Structures are given as structure tokens and as C-alpha cells.
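Visitor: sequence-free structure coming up:
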């Protein structure tokens, strides 16, 4: 009976030892499998990170190229606009200077003509006022209408001068508006008509 019990206990112990060994083997196998799965997961994560980094670098490079292209286009458009504005400003300035020169020439011509007319009228007045030996009354009669003609000529010259000066001012203002920074145009001083006063009787 004791021998049977001992044999049974021995078999139970052997079975327990075998179960322990098997469990250890299974644990080692599971640990190896877990380590292999973890290593595979780490490799996949590393590959995914590398792929994402490559895509990010490519996208960054593409964005930089697009930004550079936009900057180049903007600079070219700005330079073109500046050239257009400069060309238009020069043209407007040239037109303004031409208009001012034309107006100044017109003023000088009209003032010169008015002065010449006034001198001629003054000469006629002097000639009419000069006493003659034979007839004095007709000269006195001629002096009155000549004086009126002189006064009328002087008034017309003043009106022409005023109108032309006004036109020159308007033209200058228009030229200044058209040109952003125009060079200051020198105005020619208006000449006064050297009208001679008729000598008093």
C-alpha cells in the first residue's frame, strides 16, 4: 500500500515537473513571439515616420518653390507698373511743359502786339497834339478819338494778358495733377505794355 502511494506521488511529481517545463517552454515561446511582434511594430513605426518626414520635406520644398515663383511674378509686375507710371508721368510732364511754353509764347506775342499798338497810338496822339502853323482846330478834334482808341487798345491788352495768365495757371495746375512730382516750371514775368501818356493840354 505504501509502495503504491509512493509510486502515485512520484508520478504526480513527475507530471507537475513536466507541466512546469512545458509552461516555461510556452512562456519562452510567447515571450519570443511578443519580442518579434514588438520589433516588427517598431520597424513599421520607423518606416512610417521616415515616409511622413519625406512627404513633409517634399511638401515644404514645393511650397517654397511656389512662394518663390509668386514673389518673382510680383516683382516683375511691380517693375512693369513702375515703368508704365514713369513713362506716363514723363509724357504728362512733357505735355505740361509744351502747353506752358505755348501759353507763354502766346502771352509774349499778344503783349508785344498790344505794346506795339499802344506805341503806335501814342505816336498818333503826339502827332495829333503837335501844334501846326496853319490849322489848330482839326488837330484838337483828331486828338479826342485817338485818345479813345489808345485807351481801348490798352484795355484790350490788359484783358488779353489777364485771360492768357489765367489759362497758363489752369494748364500748370492740370500738368501738376497729371505728374506725381513735376519739376517746378518757371513762369515768364508778364511784361507791362509801355503805354505812353498823352500830354495834357
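Guide: Received the coordinates, thanks. Owing to the predicted nature of the structure, the values given are computational and were not obtained by experimental measurement.

Visitor: Find the helix or strand that the residue positioned nearest the centre of the chain is a member of.
Guide: Centroid-nearest residue in the chain: residue 82, 6.4 Å away (criterion: Cα atoms, centre = their mean). Here residue 82 sits within helix 2-129, counting by DSSP states H and E.

Visitor: What is that helix packed up against?
Guide: When contacts are defined as 3 or more Cβ pairs under 8 Å, 6 or more residues apart in numbering; DSSP states H and E, helix 2-129 packs onto helix 137-178. No exception for glycine: its C-beta is placed from N, CA and C like everyone else's.

Visitor: just to revisit the earlier point, show the pLDDT at the residue nearest to the centre of the chain.
Guide: The model reports residue 82 with a pLDDT of 91.

Visitor: Then residue 6?
Guide: So residue 6 comes in at 59 (pLDDT).

Visitor: low pLDDT regions in the protein?
Guide: Within the chain, the segments meeting pLDDT under 70 span 1-6, 131-147, 149-150, 174-201.

Visitor: From residue 59, how far off is residue 127?
Guide: 101 Å (Cβ to Cβ, to the nearest Å).

Visitor: brain fart, residue 110
Guide: 75 Å.

Visitor: Counting neighbours, go ahead and name the busier of those two.
Guide: Neighbours per residue (other Cβ atoms under 10 Å) separate residue 110 from residue 59, with residue 110 holding more: 16 against 10.

Visitor: any idea how far residue 69 is from that one?
Guide: Taken as Cβ to Cβ, the span from residue 110 to residue 69 is 61 Å.

Visitor: likewise residue 129?
Guide: From residue 129 to residue 69 the distance is 88 Å (Cβ to Cβ).

Visitor: Looking at these two now, which is surrounded by more residues?
Guide: residue 129 (17 against 10).

Visitor: What separation do you get for the more buried one and residue 151?
Guide: Taken as Cβ to Cβ, the span from residue 129 to residue 151 is 15 Å.

Visitor: Since that was my last question, I'll sign off now.
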